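Visitor: with the input below, show me the fold.
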Amino acid sequence: MPQHPQFESFKLAWRERDYALALTHIDAVIAAHPQVASLRWYRANCLEKLERYRDALLTVDTVLSLQPDHAPALVRQVALEWSRDTPDEESEDAQDEDLTPAQTAERERQHAEQRRRHVAQLQRALAIDPSLADACFALSQLLRQSVGGEWTASDPQADALLERAITLEPDRVEFRAAQAEIHEFRAMQVPDDAPDHAFVTAFTGMKYLRAELEAALREFTRCAQLDATHRYHLKAAKVLHNLGRFDDALAQYDLALARLPADAPQRPYVLEARARSENNGAGERDQMASLLESFIAAGDRNQDDDTVATALLGAARAVRKGKTVSEAVAARLSESPDDLTAANIAEQILNVAYEDAPGLVAVDSATFPAFQRNYAARQRKALAAAGFRHLADAEAVGMTRTLGQRTLLRFYADESGATTVDTFALKPKWPGFVAFLLLAVTGKWKTHTMTECTTLIEDGGFLMTQYENLSPFGYGDAVDIERLPRSTTVAALVARHRQRVASYLQAHPQARALPATDLAGIEANIRRGQAIKRAYRQSIGYVSDGELRGMLGGHYDRFAEKIRRKLVELAPDREESAVNG
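Guide: Next comes the predicted model:
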C-alpha cells in the first residue's frame, strides 16, 4: 500500500504534540484506507491525548473488530472501559443511597463479571505478546483492585507483573511511580512487634517502616530524573521528610520550585510544604501546633472554653518541643474527669512558672470593658496624688491567649523610675468546683482587682507590695512579696513599698534599683522578674505541698498526687523552651 501524502504530516504533528492537527491528518489517511487497523490505532491515541475518552474507546473497538489479536488495543480497551465504569467516590456514594439491596447485589455481580473478563483479556494480550509492558502493568493494577473496590499493596502475582513491566521498560515513569506508591502504602503497615530501628515516627504520631520508605524514595528519585515536571521532586521530599532527612527534603522542594514558573498556582502549596522541613523539621511541628491552637475559641473565653484552651495550648507547646500530636493531646485531654482536671491544674501551675513574654503594646483604654476602665481611673487619681506619673496604658498581647481575655494594664513610675505600679481588673465567669480550682491557681476570681508596686534590684533583689489576694503561690526568698489588706489606701500601699525598698538598699549599699521609665523598660523588668520566679518554681518542683493544700482544700487527697504526676510528665515540654528573662 503506497503511503498517503498526509501520513508524514500526521507524524510531524504528533512529534510536535499538536494532537488536534495530528487527528485531522490521520482522519484524512483513514478516509482513503478505512480497513487498516494500525491507522485506527493512531486515531485512538490522538483522541486519548485530547481526553476524548469515549471516542477513543469506540475507535479501539473498531481496531479490534479489524484485528482481534491487536495486543496493545486489547490493553487499551480494558483501561478505557475501567475508567468509564469506575465512578468517583462522591457519585458512587450517591448511587449507593438510591439502590435497593437487590440492585446492589446485581451491580456487584456485574462488576465481578467485568473484572473476570478484563483479567482474561489482559492475560490474552500477554499470551499474544509476552513482552508487552503495558499489559503487565495493567494486569498488575487490576489484580490489586478487588471486586468491592478495595486495593491491596500485597499481591505476589501483581508484584511480579509490575517488576516484569519495569524490567521490560525501565524508563516508564508511571510504572516506577506505581511501585513507589506501593512502597509508601506498605511503609504504613508497621507490625506491633517491629524493632525500633525498623521504623520511624513522624510528628503526627504515624509510624513508617524505614526500608519501605527508602524503597519509595529510590523510585520517586528515578521518576524525577525521567519526568520534567515538579511532581516527583515533591513526592521525594515528602518521603525524605518522613525519614527525618530534612535538609535533603528542602533540596527536593527547591528542585520542584525551580521547575515551576514564577506565577504557577502550585507554588504556594510547595512553599507551605517546604516550610514543614525547615529548621530540622521544626516547621512541621509549628504547623501542627498552630493547627491545635486554631481550635481555641476566639475572644474572651468562659471557663469551659478556658479548660479546653489550656489543654490545647499545652499540647501545642509539647508538639513544638517534638512530641507527637497524639502524645501531646492524650497527656492533657483524658477521658477520666479527675485526670482531665489534674492535667489542667498542672498546666496552669506550669503557666505560673513559664509565663509568656508579656509583649506589651500601647492601647487605647476606650476599647476595654467599663469595669476595667473604671478601676483604672480610680487608681490613677490616687497614684497621681502619691507622686506617680502615668507611663502607659498597655495590653500584654503575649499573654492574652493564655489569660483568655483582653486585660487593660495601666503602668506608673515614681520620679526615678525605680518603683513602678501596675493596676488591672479581671472578671472571669464563675463556673463550679473544677473551674474554681483553676481560677484559684491563677489567682482569678469574681472581679479581681489589683494594684501592685514593684522594684527590681541589680543584685537580683525583687520586691513587690500588693493587695492581698487568693493566689496560693509564694516565692520564698526569691521574691520578697508583702500583701496588705484590701482596705489599705493606695497612699499607704505606696508608702509601705517605699519603706521596704529603702530598708533593702540600706542593707545593700552597693546595690541600685533597675529603673523603668517607659514601656520598653517595664517589659524588660517584667521579663527579669519572670526569670526569677521561674527559677524558684523549678527549684521546688513547681508547687509546694503547702500551696497544693491551700489550693485544693478538702479535695487535696483526691487531686494532689495526680497533679504531682502530671507536673513530672508535662514539665519537660516547657523547660527547654522557657522564656529568657
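Visitor: buried residues, stretch 14-27. List them.
Guide: For stretch 14-27, a neighbour-count test (16 or more other Cβ atoms under 10 Å) marks Trp14, Tyr19, Leu21, Ala22, Leu23, His25, Ile26 as buried. (C-beta placed from N, C-alpha, C; glycine too.)
Visitor: Leu74: which of these is nearest?
Guide: Ile26 (20.9 Å; Cβ to Cβ).
Visitor: helices and strands of the chain: which one bottoms out on pLDDT?
Guide: helix 433-442 (a mean of 46; mean pLDDT, DSSP states H and E).
Visitor: before we move on, the earlier item: just the buried residues of stretch 14-27 now: which is nearest Glu169?
Guide: Of all these, Trp14 has the smallest distance to Glu169: 19.5 Å, by Cβ to Cβ.
Visitor: how about the contacts made by the closest one?
Guide: With contact set as Cβ atoms under 8 Å, 6 or more residues apart in numbering, Trp14 has these partners: Ala22, Tyr42, Cys46.
Visitor: compute the first-to-last residue distance for stretch 467-475.
Guide: Terminal residues of stretch 467-475 are spaced 16 Å apart (Cα to Cα, to the nearest Å).
Visitor: the residue nearest to Asn351 when sequence neighbours are not counted: neighbour count?
Guide: Spatial nearest neighbour of Asn351, excluding adjacent residues (Cβ to Cβ, 6 or more residues apart in numbering): Thr402 at 5.9 Å. Per other Cβ atoms under 10 Å, the neighbour tally for Thr402 reads 18.
Visitor: now do the one 5 residues further on
Guide: Residues contacting Thr407 under the criterion other Cβ under 10 Å number 18.
Visitor: contacting residues around the residue nearest to it when sequence neighbours are not counted?
Guide: Leaving aside its sequence neighbours, Thr407 sits nearest to Phe424 (Cβ to Cβ, 6+ apart; 5.4 Å). Shown in contact with Phe424 (Cβ under 8 Å, 6+ apart): Gln372, Tyr375, Ala376, Thr407, Leu408, Leu409, Arg410, Thr449, Met450.
Visitor: ok, His508 next?
Guide: Listed by Cβ under 8 Å, 6+ apart, the contact set of His508 reads Ile457, Asp459, Gly461.
Visitor: in TSV, list those along with neighbour count and pLDDT.
Guide: Output for the contacts of His508, formatted as TSV (neighbours: other Cβ atoms under 10 Å; pLDDT from 0 to 100):
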residue	neighbour count	pLDDT
Ile457	18	95
Asp459	10	93
Gly461	20	93
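Visitor: any idea which helix or strand carries the spatially closest residue to Lys323 that is not a sequence neighbour?
Guide: Spatial nearest neighbour of Lys323, excluding adjacent residues (Cβ to Cβ, 6+ apart): Asp573 at 6.5 Å. Using DSSP states H and E, Asp573 sits in helix 572-575.
Visitor: centre of the chain versus that helix, how much separation?
Guide: Its chain's C-alpha centre and that of helix 572-575 lie 20 Å apart, by Cα atoms, centre = their mean, to the nearest Å.
Visitor: export that helix to CSV, keeping only CA atoms.
Guide: This file holds the C-alpha atoms of helix 572-575, laid out as CSV (Å, rounded to 0.1, in the frame of the first residue of the first chain):
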residue,chain,number,x,y,z
PRO,A,572,9.8,18.7,80.3
ASP,A,573,7.6,20.1,77.5
ARG,A,574,8.2,23.6,79.0
GLU,A,575,11.7,23.5,80.4
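Visitor: thinking again about what came up before, surely the residue nearest to Asn351 meets Pro358?
Guide: No: using Cβ atoms under 8 Å, Thr402 is not in contact with Pro358; the gap is 10.9 Å.
Visitor: list the contacts for Glu327?
Guide: Contacts of Glu327 (Cβ under 8 Å, 6+ apart): Gly205, Ala318.
Visitor: ok, 10 Å please
Guide: By Cβ atoms under 10 Å, 6 or more residues apart in numbering, the contact set of Glu327 is Thr201, Phe203, Gly205, Ala315, Ala318, Val319, Asp573.
Visitor: and if you look at Thr517?
Guide: Applying Cβ under 10 Å, 6+ apart, the residues near Thr517 are Arg389, Leu391, Ala413, Asp414, Glu415, Ser416, Gly417, Ala418, Thr420.
Visitor: residues touching the fourth one, list them.
Guide: Put plainly, it is Asp414. Neighbour list for Asp414: 383, 386-389, 420-421, 453, 455, 494, 497-498, 501, 513, 515, 517 [criterion: Cβ under 10 Å, 6+ apart].
Visitor: which of these fall in strands?
Guide: Arg389, Thr420, Val421, Cys453, Thr455 (DSSP state E).
Visitor: give the buried subset of those as a ChimeraX selection command.
Guide: Selection of the buried residues among the ones in strands among the contacts of Asp414 in ChimeraX, burial being defined by 16+ other Cβ under 10 Å:
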select :420,421,453,455
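Visitor: what's the closest of the ones in strands among the contacts of Asp414 to Phe220?
Guide: The closest of those, once distances to Phe220 are taken by Cβ to Cβ, is Thr420, at 59.7 Å.
Visitor: how far away is the closest one from Phe295?
Guide: Using Cβ to Cβ, to the nearest Å, we find Thr420 at a distance of 37 Å from Phe295.
Visitor: before we move on, what about Asp480?
Guide: 41 Å.
Visitor: repeat for His118
Guide: Taking Cβ to Cβ, one finds His118 at 47 Å from Phe295.
Visitor: who has more neighbours out of the two?
Guide: Shown here are His118 and Phe295; by other Cβ under 10 Å, His118 has more neighbours (22 against 11).
Visitor: next structured bit after the one helix or strand that one maps to?
Guide: His118 belongs to helix 101-128 when assigned by DSSP H and E. Once helix 101-128 ends, the next helix or strand along the chain (criterion: DSSP H and E) is helix 133-144.
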